[in-house]
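In: Just need the structure, nothing else, for what follows:
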Amino acid sequence: MLTLDHLAVVAPNLAEGVAHVRDCLGLSMPEGGRHREMGTRNHLLRLGAATFLEVIAVDPETPVPARARWFGLGDAAQVRADWDLGRRLRGFVARTDDLDGVLAAHGDLLGQAATMTRGALAWRFGVRPDGAWPADGAAPYVMDWGPRGSPAASMPDLGARLEAVVLTHPDPDAVAQLHAALGLADPPTIVDGPGPRWSARITTPSGTRTLT
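Out: Got it, this is the predicted structure:
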């Protein structure tokens, strides 16, 4: 079974990403850290006991990795194009206790397992050889935090809570079938339209806001 772990805003740089979240939610995201295996850096916002929002971008102070970067970040031109088109909330990451089993069944879509780190944290994460989003973001990345579990509970609590996630897609039925085949628990609402495009309804101390 796959469970929503976190949402991901993929930004041309961290300053733009954090500013976008602040404009949408009225909250400034605390800094996360660096992922030396991928040459990326993030900011994190707790959205619940085991759910959070990530803004991620290339870290210009980290060496370029030998493998393709995750979240499509190896293609700077495409990241900028998606950003300028408003595709900023690009998708989500789902966690599982059986990463090897999920990847054995869906490796062509979800990639292969790699060990990642951020500071003292370490986890396993499925990454495609090209580093691209599975199904252009209509399907999640998959990961396993291991016995330590999600770090969300240790993040500063700024009063944000995830209420709903919506995917706009030109073929909702096909995506719903894909999510079912992946064993995704509590899948997002899928609506017909140009996409894939994601939005999230988030309750904040200043009211309910929408992140796109």
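In: contacting residues around Ala8?
Out: For Ala8, the contacting residues are Leu53, Glu54, Val55, Ile56, Phe71, Leu89, Arg90, Gly91, Phe92, Val93, Tyr141, taking Cβ atoms under 8 Å, 6 or more residues apart in numbering as the criterion. The way it works is simple: take the backbone N, C-alpha and C, and place the C-beta from them, glycine included.
In: Filter the residues you listed down to just the ones in strands.
Out: Within those, residues falling in strands by DSSP state E are Leu53, Glu54, Val55, Ile56, Leu89, Arg90, Gly91, Phe92, Val93, Tyr141.
In: Secondary structure element holding the nearest residue to the first one once chain neighbours are set aside?
Out: Okay, so that is Leu53. Counting by Cβ to Cβ, 6 or more residues apart in numbering, Leu45 is the residue found nearest to Leu53 once chain neighbours are left out, at 4.3 Å. Leu45 belongs to strand 40-46 when assigned by DSSP states H and E.
In: The contacts of Ala8, buried ones only, as a ChimeraX selection?
Out: Here is the ChimeraX command that selects only those of the contacts of Ala8 that count as buried (16 or more other Cβ atoms under 10 Å):
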select :53,54,55,56,71,89,90,91,92,93,141
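In: Out of the contacts of Ala8, which is nearest to Val18?
Out: Using Cβ to Cβ, Val55 is the member of the contacts of Ala8 that lies nearest Val18, at 5.7 Å.
In: okay but the closest one is in contact with Thr40, surely?
Out: No. Counting by Cβ atoms under 8 Å, Val55 does not reach Thr40; the two are 10.6 Å apart.
In: Name every strand pairing with the strand holding Leu45 and say which way it goes.
Out: According to DSSP bridges, the neighbouring strands of strand 40-46, each with its direction, are strand 31-35 (antiparallel), strand 52-58 (antiparallel).
In: so how far is it off the chain centroid?
Out: In terms of Cα atoms, centre = their mean, to the nearest Å, the centre of strand 40-46 is set 10 Å apart from its chain centre.
In: neighbouring contacts of that strand?
Out: Counting by Cβ under 8 Å, 6+ apart, strand 40-46 makes contact with 14, 17-18, 21, 25, 27, 29-35, 52-59, 62, 69-71, 73, 118, 152-153, 155-158, 160, all of which sit outside it.
In: buried sites along that strand?
Out: Of all the residues in strand 40-46, those buried under the rule 16+ other Cβ under 10 Å are Thr40, Arg41, Asn42, His43, Leu44, Leu45, Arg46.
In: can you check stretch 132-150 too?
Out: 132-135, 137-145, 150.
In: relative orientation of the helix or strand hosting Asp82 and strand 52-58 in degrees?
Out: Taking DSSP H and E as the definition, Asp82 sits inside helix 76-84. Between helix 76-84 and strand 52-58, the angle formed by their directions is 140 degrees, by axes from the mean of the first three to the mean of the last three Cα atoms, to 10 degrees.
In: buried set for helix 76-84?
Out: Applying a neighbour-count criterion of 16+ other Cβ under 10 Å, one finds Val79, Asp82, Trp83 buried in helix 76-84.
In: How about stretch 5-22?
Out: With burial defined by 16+ other Cβ under 10 Å, the residues of stretch 5-22 counted as buried are 5-14, 17-18, 20-21.
In: Kindly report the same for stretch 179-197.
Out: Residues His179, Leu182, Gly183, Leu184, Pro187, Pro188, Ile190, Gly195, Pro196, Arg197 are the ones in stretch 179-197 that count as buried (16+ other Cβ under 10 Å).
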